[in-house]
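1. Build me a structure from this.
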Amino acid sequence: MSASSPQPSAAHTDSSISGEVLVHALASYDVPFLAGEEGSRESDEERLTPATLMSALVTHPDPRLRLALIPLLVRHPRFSQEAERVADQLPAMVRAYFQCFYTAARLLQTIHQAELELYLGKQPPLPDLFGAALDLPEDSPEETLRVLGERQQQLLGRCEKPLGLPLGSGVAHRTAIAVGGVVVQGFFIPFSGSGTLTESCAGANPPGCYEAEMSSA
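-> Predicted structure coming up:
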């Protein structure tokens, strides 16, 4: 990540929850986004609650873990029941991150509904919780997603691409599909198989722009 790119303050990060713990927690919820695992053997008593996990992810300094909010919400739309409470407890800058990630998950769920239902079955839609706060238009999900990318940069005052959106020229989004996996707008949600994040920026885009690259199991 570039030194000039702001990130959530360490003061608002729960340092007691390490990145490794968060990776295993994601895997325990069937989101091996970073671990490439089939899931953790953590018991229900040891598993982080959805609210704790979402808060810890969005306040983590690693942009890959912040990005993991999107596949987590797509995989578990019921976590939306905790989303507003999580957002209300965050400081303004981090709340903006969270609202953007949540809204990206909602729009991507709509755009890729058919593919997601193929692998996950019918799931409830993520409700629109933050569209008004982000001043997003009532348009097609594809257009709204494009505007969300612009709004995210305006809100955060940064030139990063944490949502995996095509915000700049010169970046080729590597997309692929694996058995049991779903490709969503340039990043891979590995419900099975393995997925790894690689830093991949090109052209005028600065460091710190992360895309997902899939490798078959």
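2. could you say what helices and strands the longest helix along the chain packs with?
-> In the chain, ranked by residue count with DSSP state H as the criterion, the top helix is helix 92-111. In terms of contacts (3 or more CB pairs under 8 Å, 6 or more residues apart in numbering; DSSP states H and E), helix 92-111 is packed against helix 50-58, helix 63-67, helix 69-75, helix 80-88, helix 141-156. No exception for glycine: its C-beta is placed from N, CA and C like everyone else's.
3. Pick the most deeply packed of those.
-> Sort the helices and strands packed on helix 92-111 by mean neighbour count, taking mean count of other CB atoms under 10 Å, and helix 69-75 sits at the top with a mean of 25.
4. Mean confidence (pLDDT) on that helix, please.
-> In this model, helix 69-75 has an average pLDDT of 89.
5. For it, output the C-alpha coordinates as CSV.
-> Extracted C-alpha coordinates of helix 69-75, given in CSV (Å, rounded to 0.1, in the frame of the first residue of the first chain):
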residue,chain,number,x,y,z
LEU,A,69,-16.2,-7.7,3.7
ILE,A,70,-17.7,-8.0,0.2
PRO,A,71,-17.6,-11.8,-0.2
LEU,A,72,-18.6,-12.2,3.4
LEU,A,73,-21.7,-10.2,2.9
VAL,A,74,-22.5,-11.8,-0.4
ARG,A,75,-22.1,-15.3,1.1
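6. just to revisit the earlier point, what comes up buried for the longest helix of the chain?
-> The neighbour-count check on helix 92-111 (16 or more other CB atoms under 10 Å) flags 94-111 as buried.
7. swap in stretch 114-131?
-> Within stretch 114-131, the residues that count as buried by 16+ other CB under 10 Å are 116, 120, 126, 130-131.
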